[in-house]
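Trainee: After the sequence you'll find the predicted model.
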Amino acid sequence: MKEYNKVSPELIENLKNIVPGKVYAGEEINTDYFHDEMPIYGEGMPEVVIEATTTEDISAIVKLCYENNIPVIPRGAGTGLTGAAVAYKGGIMIDMTKMNKILGYDEKNFVVNVESGVLLNDLAEDALSKGLMYPPDPGEKFATIGGNISTNAGGMRAVKYGTTRDYVRALTVVLPTGEITRLGATVSKTSSGYSLLNLMIGAEGTLGIITEATLKVIPAPKETISLIIPYENLDECIATVPQFFMNHLEPQALEFMEREIVLASERYIGKSVFPQKLEGIQAEAYLLVTFDGDNMEELEEITERAAEIVLEAGAIDVLIADTPTKKKEAWAARGAFLEAIEAETELLDECDVVVPVSEIAPYLVYVNEVAEKFDFVVKSFGHAGDGNLHIYTCSNDMEINEFKKQVAEFFEDIYGKAIELGGQISGEHGIGFGKIEFLEKYAGKENIQLMKGIKEVFDPKMILNPNKVFN
């Protein structure tokens, strides 16, 4: 097990000289820094928290840490779900949220330059004000861009536009030695050696600290329309999904959800959005679909085709959200799923497996059957268009150690099934600290050794975000 030095008073003074007024130690540190959005993975107290504002400051901080064998943990908004930005080994946490400037657009080349602490919501709104769209759309709109890049976040629009990786053109990175490097370029194509840029994306802050990013943007679609499609059962709901692609409908977003999570969300937001009973039939599952395009006439034609297809495939009805208010309400309900679960649940854990689209229905049947063996409740929703499923284990009456024990057994079973079906154990949340044992079991010995070898090349002293992704 790797051993690290403690932060000395002398080192704290040196850090204060680098970033005066932005260094916090001991009791000065806010307890929010001790955990992320999934506290079931435990807490870790950093010895020092620093609010960084420049790449050069971060470089100087990391050089000191490298020289003194001190762990460094980069942290964005703390909205992660795997313990990836938690200081389990103490050390120095660098808060990136003050590096929050949108540095400028190159509209001729359709890119925007941002600091890594810019919030996704702020970038999305700023781009839209210029007639542009930054397509990645994870559910947590107040995560940082650097955090999104570090987990290769996907989100609801990934089915049409791809994940964060598809929009990162270049990065400014501080390496674990403190050196500053630039990876990638504004250009859209490259065949220039190993893709160090793509190694950094999804590395969860273990290979370098991202300080700036050049991101691709696209012209914003002029119109959108959303459909709420209720089904009598989950099987028919999920079985419809491939029909959208076989009929060239190209949804911008295609989400599925079960009745219980919808009811929880509506309780949370205080508004009923999804119909519960139509024509005397109880809805047990839903698709929420958005299409985008250049004009409403085009979208109305697509909507008519989609309605015919889903009704023939077993949908109870098709409800059209074609006004700003209706669309906002529908997606607000979808966006509140995690908060709704958290509000009603004492003990919570989750996984975000991804399986081939054709396997979603049988996989969820398997998950629900396995869940019956345990004492917790399972709530599921996810990105039906790309097979990324969010499966939550929830309890209000179990003892915490028993909950953890049963959840570990449950996850091991359903992760194994996902791999068997051709999937992966995480689609967008990452491995962090909480999922290490599952990656080590299912990624394969050879692949883990390759990952460890890459880590050692970038970070020979293993100081950067230790004990994340693998031990």
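Mentor: The structure has been received and is ready for your questions.

Trainee: got the residue ranges for the helices in the stretch 201-350 of the chain?
Mentor: 234-239, 241-246, 259-269, 296-312, 324-335, 337-344 (DSSP state H, counting those that start in this stretch).

Trainee: any idea which of the ones you listed is most buried?
Mentor: helix 234-239 (a mean of 21; mean count of other C-beta atoms under 10 Å). (Each C-beta comes from the backbone N, C-alpha and C, glycine too.)

Trainee: helices or strands up against that helix?
Mentor: In terms of contacts (3 or more C-beta pairs under 8 Å, 6 or more residues apart in numbering; DSSP states H and E), helix 234-239 is packed against strand 253-258, strand 285-293, helix 360-371.

Trainee: which other helices and strands contact the shortest one?
Mentor: Counting contacts by 3+ C-beta pairs under 8 Å, 6+ apart, strand 253-258 packs against helix 158-161, helix 234-239, helix 241-246, strand 285-293, strand 377-383.

Trainee: Including distance to V217 and mean pLDDT, could these go into TSV?
Mentor: Below are these laid out as TSV (distance: least, C-beta to C-beta, whole Å; pLDDT from 0 to 100):
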stretch	distance to V217	mean pLDDT
helix 158-161	11	96
helix 234-239	32	91
helix 241-246	25	93
strand 285-293	15	96
strand 377-383	22	94
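
Trainee: Minimum distance to I18: which of those has it?
Mentor: Among these, the nearest to I18 by C-beta to C-beta is helix 158-161 (38.9 Å).

Trainee: After that closest one, which helix or strand is next?
Mentor: strand 168-174 (DSSP states H and E).

Trainee: pretty sure F142 is in contact with L123, am I right?
Mentor: No - the criterion here is C-beta atoms under 8 Å, and F142 misses it with L123 at 11.3 Å.

Trainee: These two - which one has more neighbours?
Mentor: L123 (23 against 11; other C-beta atoms under 10 Å).

Trainee: Need the nearest residue in space to that one, chain neighbours excluded.
Mentor: Y134 (5.4 Å; C-beta to C-beta, 6 or more residues apart in numbering).

Trainee: Quick check: the one you found touching V217?
Mentor: Yes - contact criterion C-beta under 8 Å: Y134 and V217 qualify, at 5.3 Å.

Trainee: list the residues that contact both of those two?
Mentor: V112, A127, Y167 (C-beta atoms under 8 Å, 6 or more residues apart in numbering).

Trainee: Of those residues - the most surrounded one?
Mentor: Most surrounded of these: other C-beta under 10 Å gives V112, at 25 neighbours.

Trainee: Relative to the helix or strand where it lies, what are the paired strands and their orientations?
Mentor: V112 is part of strand 111-115, with elements assigned from DSSP H and E. Sheet pairing for strand 111-115, assigned by DSSP bridges, gives strand 102-106 (antiparallel), strand 209-216 (antiparallel).

Trainee: Can you give me the buried ones in the longest helix along the chain?
Mentor: Ranked by number of residues, the top helix in the chain under DSSP state H is helix 400-420. Within helix 400-420, the residues that count as buried by 16 or more other C-beta atoms under 10 Å are F403, K404, Q406, V407, F410, F411, D413, I414, Y415, K417, A418, I419.

Trainee: Quick check, the fourth one in contact with V377.
Mentor: No - counting by C-beta under 8 Å, V377 is not a contact partner of V407; they are 11.7 Å apart.

Trainee: Name the residues contacting each of the two.
Mentor: Joint contacts of V407 and V377 (C-beta under 8 Å, 6+ apart) are T393.

Trainee: per-residue confidence for G385?
Mentor: Note on G385: pLDDT of 92.

Trainee: which residues does it contact?
Mentor: Applying C-beta under 8 Å, 6+ apart, the residues near G385 are A158, V159, K160, V241, F244, P251, A253, L254, E255, V357.

Trainee: Let me know the closest of these to S59.
Mentor: A158 (33.2 Å).

Trainee: still on that earlier bit, now do the longest helix of the chain, average pLDDT.
Mentor: 98.

Trainee: again, but for stretch 114-126
Mentor: The model assigns stretch 114-126 a mean pLDDT of 98.

Trainee: chain center to that stretch: distance?
Mentor: Centroid separation for stretch 114-126 versus its chain: 15 Å, with C-alpha atoms, centre = their mean, to the nearest Å.

Trainee: Quick check: buried residues in that stretch?
Mentor: Across stretch 114-126, burial judged by 16+ other C-beta under 10 Å covers V114, E115, S116, G117, V118, L119, L120, D122, L123, A124, D126.

Trainee: Distance of the fourth one relative to I102?
Mentor: To tie it back to what came earlier, the one meant is G117. 11 Å (C-beta to C-beta, to the nearest Å).

Trainee: now swap in the third one and tell me
Mentor: To I102, S116 is 12 Å away according to C-beta to C-beta.

Trainee: What of the first one?
Mentor: Counting by C-beta to C-beta, the separation of V114 from I102 is 5 Å.

Trainee: Can you work out which residues contact both of the two?
Mentor: L123.

Trainee: looking at the helices of the stretch 201-350 of the chain, which is closest to A25?
Mentor: Per C-beta to C-beta, nearest to A25 of the helices of the stretch 201-350 of the chain: helix 337-344, 30.4 Å.

Trainee: ok now the closest one, how far from the chain's centre?
Mentor: That offset, for helix 337-344, works out to 16 Å (C-alpha atoms, centre = their mean).

Trainee: what helices or strands is that helix leaning on?
Mentor: Against helix 337-344 (3+ C-beta pairs under 8 Å, 6+ apart) you get helix 259-269, strand 388-395.

Trainee: what residue ranges in the stretch 201-350 of the chain score low on pLDDT?
Mentor: Low-confidence segments of the stretch 201-350 of the chain, defined by pLDDT under 70, are absent.

Trainee: Run a quick check on A283 versus F274, I expect a contact.
Mentor: Yes - taking C-beta under 8 Å as the definition, A283 is a contact partner of F274 at 7.3 Å.

Trainee: Tell me if I'm right that T290 and P251 touch.
Mentor: Yes - at 6.3 Å, T290 counts as touching P251 under the criterion of C-beta under 8 Å.

Trainee: so E67 sits in a strand?
Mentor: No - with DSSP: H, G, I helix; E, B strand; the rest coil as the criterion, E67 is assigned helix and is not in a strand.

Trainee: Give me the distance between it and P20.
Mentor: Applying C-beta to C-beta to E67 and P20 gives a distance of 21 Å.

Trainee: Over to E51?
Mentor: 11 Å.

Trainee: repeat for N471
Mentor: From N471 to P20 the distance is 37 Å (C-beta to C-beta).

Trainee: Compare these two (neighbour count), which wins?
Mentor: Using other C-beta under 10 Å, the more surrounded residue of N471 and P20 is N471, with 13 against 8.

Trainee: Next, the contact list for the residue nearest to that one when sequence neighbours are not counted, please.
Mentor: Once flanking residues are discounted, N471 sits nearest to I436: 6.0 Å by C-beta to C-beta, 6+ apart. Taking C-beta under 8 Å, 6+ apart as the criterion, I436 is in contact with N467, K468, V469, F470, N471.

Trainee: so where does the third one fall, helix or strand?
Mentor: Mapping V469 onto the secondary structure by DSSP H and E places it in no helix or strand at all.

Trainee: Before I go, just wanted to say thanks for your time.
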